[in-house]
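Novice: let me see the structure of the following:
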Amino acid sequence: MNFKILFTILTFIVFLNFSTVCFSSDKTEKGESKELKARNGLPNFFLKATRGDTLKVAYLGGSITAQDGWRVYSLEWLNEQFPKSRFTEVNAAIGGTGSDFGVFRLHDQVLKFKPDLVFVEFAVNDGSTSANKVIRAMEGIVRQIWQYNSKTDICFVYTIKEDFLQTEMKGLLPNSIMAMEKVADYYQIPTINLGYKVSKMVSSNQLIFTDKSKELNGTKVFSPDGVHPYLETGHKIYFDVFRQSFEALFIVNKLKLKQHILLKPLTADNFSNAKMIDIDNNMLSENWEIILKEDKTPFSGFGNYMNTIGKTTRSGETLTINFKGSAVGAYDIMGPDAGRVVVEVDGLVKDTISRFDEYCTYRRMNYFVIDHLEDKKHQIIFRLLCEPFDKVGILKKHDNVMKNPDEYVENNWYVGKILIDGNLL
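Specialist: I've put the predicted structure just below:
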């Protein structure tokens, strides 16, 4: 159905019957779960869509958004609803990552493509992150987007996992979502809680949350693992919530171009200056190999995210940067042949970071961040530590074993980018 027709019909439906929608955050108790909080809506997005513009829609999130589920369904639906417009996707979803990494990769993987709308989905992966860090990261994402383009619209999207279920079934919000709501309230950003309907369906025995089968005794199953929805069931519910929420959001928008105003920061130490930096030879000690994304190597699958990968195999080899700021880290690759990295800050050892964990039966992108540095000039030295350690014992934590022990002998470091909250000197 075309949105011009929907406008008349849904005006009555939304205001009379859509009880799960909250149009004013002031009327909602803190921590109360709602399917949609419209706040200031998505005025610029809907204006451009109704006049037939070409729009870029960015999806910044974790593995749930990386699946070919609600992200794919929502983009297809937008193209159907606004046939005069063309919607293209910026897929910036990386599994196992939270807002604390999303804020560092935002410019490199989202903003440089000049999106018109950015969906931000990190509630599940931020489930064990402190509220303060979630707020700092989510506010950094908002401020970076509007510093880059004040007319870009933003929507927070909340997914659900088994750990959240009991809280959501009580009509309350999990801690990570409560933290995100503080940012959304402050900047009047709309939020869609995709897990709201899921919790209601489980509560009324219309849905089973977790099982290896997609259906049990005629009842559909949401997810095989308590996190990642089945494409045919869980993601279809997510999409249904998305569709209903977008129809309601369309009603409250005035279709007038709006410049989003950056208020005084909610948190003084938000990550609004976070960024990723490509490595170069000037940072590296002598014994490094540079792998280009064009090279046909086992790392070519990471080429969409890393232009180059630095590889070092010797203890004591270093990567050195000088920057002014308060946080530093690396965007790298973990795997069977990964080792450990010693991080020195201004000549003192700050931490030793293992790039091997209980999931390292394969290579995957990952990151680490050292936070709460004094906001001043620093010299950072990353130093590889190649000495053997108990990889067998680490793998056992997740009941994994070495199928090919030779793959685990080396203890290397594969790094793609350096993360800083501040400015490189």
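Novice: just list whatever residues bridge to the residue nearest the centre of the chain.
Specialist: Centroid-nearest residue in the chain, with C-alpha atoms, centre = their mean: Gly61, separated by 2.6 Å. Beta-bridge partners of Gly61, counted by DSSP bridges, are Ala93, Glu121.
Novice: wait, isn't it in contact with Phe156?
Specialist: No - counting by C-beta atoms under 8 Å, Gly61 does not reach Phe156; the two are 10.3 Å apart. Every C-beta, even on glycine, is put in place using the N, C-alpha and C of the backbone.
Novice: who touches both of the two?
Specialist: Each of Phe119, Val120, Glu121 lies in contact with both Gly61 and Phe156 under the rule C-beta atoms under 8 Å, 6 or more residues apart in numbering.
Novice: what does the first one show for phi and psi?
Specialist: Read it as Phe119. phi -90, psi 140 (degrees, to the nearest 10).
Novice: low-confidence stretches in the stretch 251-400 of the chain?
Specialist: Scanning the stretch 251-400 of the chain for pLDDT under 70 picks out 254-255, 296.
Novice: let's see 90
Specialist: Applying pLDDT under 90 to the stretch 251-400 of the chain flags residues 251-258, 291-308.
Novice: and the strands in it?
Specialist: 274-278, 289-292, 308-312, 318-334, 340-345, 348-354, 364-370, 376-385 (DSSP state E, counting those that start in this stretch).
Novice: out of those, which gets nearest to Asn412?
Specialist: With C-beta to C-beta, the closest approach to Asn412 among the strands of the stretch 251-400 of the chain belongs to strand 308-312: 6.2 Å.
Novice: show me what that closest one is packed up against.
Specialist: Helices and strands touching strand 308-312, by 3 or more C-beta pairs under 8 Å, 6 or more residues apart in numbering; DSSP states H and E, are strand 289-292, strand 413-424.
Novice: deepest-packed of those strands, please.
Specialist: Comparing these by mean neighbour count (mean count of other C-beta atoms under 10 Å), strand 413-424 ranks first with a mean of 22.
Novice: got the angle between that strand and strand 340-345?
Specialist: Interaxial angle, strand 413-424 versus strand 340-345 (axes from the mean of the first three to the mean of the last three C-alpha atoms, to 10 degrees): 20 degrees.
Novice: tell me the strands beside strand 413-424, with direction?
Specialist: strand 274-278 (antiparallel), strand 308-312 (antiparallel), strand 318-334 (antiparallel).
Novice: and Phe239, that's in a helix?
Specialist: Yes - the assignment for Phe239 is a helix, going by DSSP: H, G, I helix; E, B strand; the rest coil.
Novice: thought it was touching Tyr73?
Specialist: Yes - at 4.0 Å, Phe239 counts as touching Tyr73 under the criterion of C-beta under 8 Å.
Novice: one step back: between the helices and strands packed on strand 308-312, which gets the lowest average pLDDT?
Specialist: Lowest mean pLDDT of those: strand 289-292, a mean of 88.
Novice: give me the contact list for that strand.
Specialist: Asn281, Thr297, Phe299, Asn307, Thr308, Ile309, Gly310, Lys311, Thr312.
Novice: got the contact list for the residue nearest to the last one when sequence neighbours are not counted?
Specialist: Closest residue in space to Thr312, ignoring its immediate chain neighbours: Trp288 at 4.9 Å, by C-beta to C-beta, 6 or more residues apart in numbering. With contacts defined as C-beta under 8 Å, 6+ apart, the neighbours of Trp288 are Asn281, Gly310, Lys311, Thr312, Glu317, Leu319.
Novice: filter these down to just the buried residues.
Specialist: Using 16 or more other C-beta atoms under 10 Å as the burial test, the contacts of Trp288 include Gly310, Lys311, Thr312, Glu317, Leu319 as buried.
Novice: ok so, going back, please identify the most buried of the strands paired with strand 413-424.
Specialist: strand 308-312 (a mean of 22).
Novice: between that strand and strand 376-385, how many degrees?
Specialist: Using the same axes, to 10 degrees: strand 308-312 against strand 376-385 is 60 degrees.
Novice: ok, and what's touching strand 308-312?
Specialist: 278-279, 284-285, 287-293, 299, 302, 319, 333, 384, 412-416.
Novice: one more time with 7 Å, if that's ok
Specialist: 278-279, 284, 287-293, 299, 333, 384, 412-416 (C-beta atoms under 7 Å, 6 or more residues apart in numbering).
Novice: mind listing what's buried along stretch 200-214?
Specialist: Lys200, Met201, Val202, Leu207, Ile208, Phe209, Asp211, Lys214.
Novice: I'd say the fourth one and Ser199 touch.
Specialist: No - with contact defined as C-beta atoms under 7 Å, Leu207 does not count as touching Ser199 (9.2 Å).
Novice: tally of neighbours for the residue nearest to Lys397 when sequence neighbours are not counted?
Specialist: Excluding the flanking residues, the one nearest Lys397 by C-beta to C-beta, 6+ apart is Glu358, at 4.0 Å. Number of residues near Glu358 (other C-beta atoms under 10 Å) recorded here: 14.
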